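Asker: Next come a sequence and a model predicted from it.
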Amino acid sequence: MKFTNLISLLIFSLLVSCQQQETSKEKISKEIVLCFDHYNPKHYKTPAGAFHIEIPKVSYIDSMNILIKHVPQEGFDTISINCPEAFREVAFSYRNFEYIYYPLMQGDTITISMDSLDYPLLYSKHHKKRDRIYNMNHQLRKGHTHLGLEAKTCLGDTWVIIAQNIDYIRKHKMNRFLKDYCPLDSLHAMFENYKIAYIDTVNLFKQQQLISDEIYDRYNYLLRLKGYEAQRMLNKDSTYYRKMEQEISDKYACYPSYHEFLDYYLWFFNYHIKRTIESQGSHYDWRQTFAELSTKAFQPKSMQILLQRCINEIGENFSAEDLNIYLNKYVKITGDSILYSKIVEQYNLSADASQLLLKDIQGNRVNFQELLEKHKGKVIYIDFWASWCVPCRKEMEPASELRKQYEGKDVVFVYLAYNDTENSWEKAVREEKLSTIETSYFILNSKNSKMLENIDLRLIPRYIIIDKNGKLVEMNAPRPSDKRIKTTLNKYL
């Protein structure tokens, strides 16, 4: 009897163990593991010097339908992506210029490296036949690129402006731009040849049953996405966005490429939106964009993605009052309180608006009034700048010379980073050698400070001077490179 019980116990244990193994296998099969092998593409710059702002090196939609942006560690890095469906679309960027979208198969483990030009190379650990599918774009781009970029990228960017104005460029000997020049008909021919090769390859994969119907449809969608990008600079039809609206659907919201599609949609949509001048120059009035989009009958996820973009643009380019108004509208429409909390924290909207709050590179905080009290009895020359502001950065070298000339005198040079991000500011502070200057600060509440509103700070660079008694005496002082600056400073000394 005891022996029978022992056998029954062993059989039961084996069954439980098998079930656990099956459950474990099932769990593993619903993930994709990405192994980055020295995947760290450099920032791309064309021969003429054109470059893009940094874009995420890797992005995908997680199980909570949130767009995740990942920067792999240098050397080796590994991430696991939940994949309940047959595949998960993952985006890799080529040198901050292009996105390449890969439908990666459920349960796969994939190594990502780069070729000699930093283009992504993917290799499946378990299914070598998939390497051919994963690296389709790597093969297709050979012979169909200009300066290493896909023709659709060049058609959707400044290459079009260069091509359209080539006679003027040659006449005025603007030789730098000639380095990037490619005739429009050549770019169109490259793209048409690429599309033919793309369609033939995808059809072959389908005939050979290497890809499913769903992945086949996804590849065709991605080709349409390339087509939208190729039309951006040339298509000036202010109603073109209406043709794209038939493709706006929440069923695509699980793909990062859909976010790029909606960006293109907004590009065409804004053709009929008026421009306005705000803190960073001339911009589309994203308040109007928000208002018009919110009346459309889009499904909830798509509406949320579009309105999020509007909120981010309003946050960057408009006042705290505007931002608060449209944030509240956004929450009412979408019910998304997460973005609300993020924006309030990002712009310090809950801070005391009567104060200008500052932080130095070490993280020490001070308000503007305390700064004035500390340096009372001295002339204070204040430079409002930002890491993204090219004219501001050009003044940093003359500013350094100016500091040397007034060393030991009763002048304090203060640098206040306005409407910036902390990471970008910290990097720029080190590059401009401001990290050792005690009076270099990041403005924590650029959006809602009454002090900035009172001096009507809308455009930068902007310089003001406060005299020895703490009185604002120059609302628009000369910049460091201006010959009048020393005369002006000496007047208040």
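Answerer: Received, thanks. Numbers count the residues shown, from 1 in each chain.

Asker: residues touching the closest residue in space to D62 that isn't next to it in sequence, list them.
Answerer: Among residues not flanking D62 along the chain, I68 sits closest, at 5.1 Å (CB to CB, 6 or more residues apart in numbering). Quick note: C-beta positions are derived from backbone N, CA and C, even for glycine. The contact partners of I68, by CB atoms under 8 Å, 6 or more residues apart in numbering, come to S59, Y60, I61, D62.

Asker: Tell me the neighbouring strands of the helix or strand where I68 lies, and mark each as parallel or antiparallel.
Answerer: Using DSSP states H and E, I68 sits within strand 67-70. With DSSP bridges as the test, strand 67-70 is paired with strand 58-61 (antiparallel).

Asker: Can you name the next helix or strand after the worst-scoring helix or strand of the chain on mean pLDDT?
Answerer: When each helix and strand of the chain is scored by mean pLDDT, DSSP states H and E, helix 2-29 comes last, with a mean of 48. For helix 2-29, the following helix or strand on the C-terminal side (DSSP H and E) is strand 31-37.

Asker: Can you name every helix or strand that that following strand contacts?
Answerer: strand 76-82, strand 87-94, strand 98-105, strand 109-114 (3 or more CB pairs under 8 Å, 6 or more residues apart in numbering; DSSP states H and E).

Asker: Of all these, which one comes closest to Q164?
Answerer: Shortest distance between Q164 and the helices and strands packed on strand 31-37, using CB to CB, is found for strand 98-105: 22.0 Å.

Asker: average pLDDT for the closest one?
Answerer: The predicted model gives strand 98-105 an average pLDDT of 94.

Asker: and that strand with strand 31-37, angle?
Answerer: On the basis of axes from the mean of the first three to the mean of the last three CA atoms, to 10 degrees, strand 98-105 is oriented at 130 degrees to strand 31-37.

Asker: what sits against the residue most central in space within the chain?
Answerer: Centroid-nearest residue in the chain: I55, 4.6 Å away (criterion: CA atoms, centre = their mean). For I55, the contacting residues are S93, N96, Y99, by CB under 8 Å, 6+ apart.

Asker: Which single one of the residues you listed is nearest to I380?
Answerer: N96 (38.9 Å).

Asker: wait, is that closest one part of a strand?
Answerer: No: using DSSP: H, G, I helix; E, B strand; the rest coil, the assignment for N96 is coil, not a strand.

Asker: list the buried ones in the strand or helix carrying L204?
Answerer: For L204, the host element (DSSP H and E) is helix 184-207. Within helix 184-207, the residues scored as buried using 16 or more other CB atoms under 10 Å are L184, L187, M190, F191, Y194, K195, A197, Y198, T201, V202, F205.

Asker: Give me the number of neighbouring residues for the residue nearest to L472 when sequence neighbours are not counted.
Answerer: Nearest residue to L472, sequence neighbours excluded (CB to CB, 6+ apart): I466, at 5.5 Å. Close neighbours of I466, defined as other CB atoms under 10 Å, add up to 23.

Asker: how close does the nearest residue to M233 once chain neighbours are set aside get to E192?
Answerer: Distances taken as CB to CB, 6+ apart put V160 closest to M233, at 3.9 Å, once the chain neighbours are dropped. Separation of V160 from E192 (CB to CB, to the nearest Å): 16 Å.

Asker: now L372
Answerer: Counting by CB to CB - L372 and E192 are separated by 64 Å.

Asker: again with Q246
Answerer: 24 Å.

Asker: hmm, back to that, phi, psi for the residue nearest to L472 please.
Answerer: Backbone torsions of I466, given as degrees, to the nearest 10, read phi -110, psi 130.
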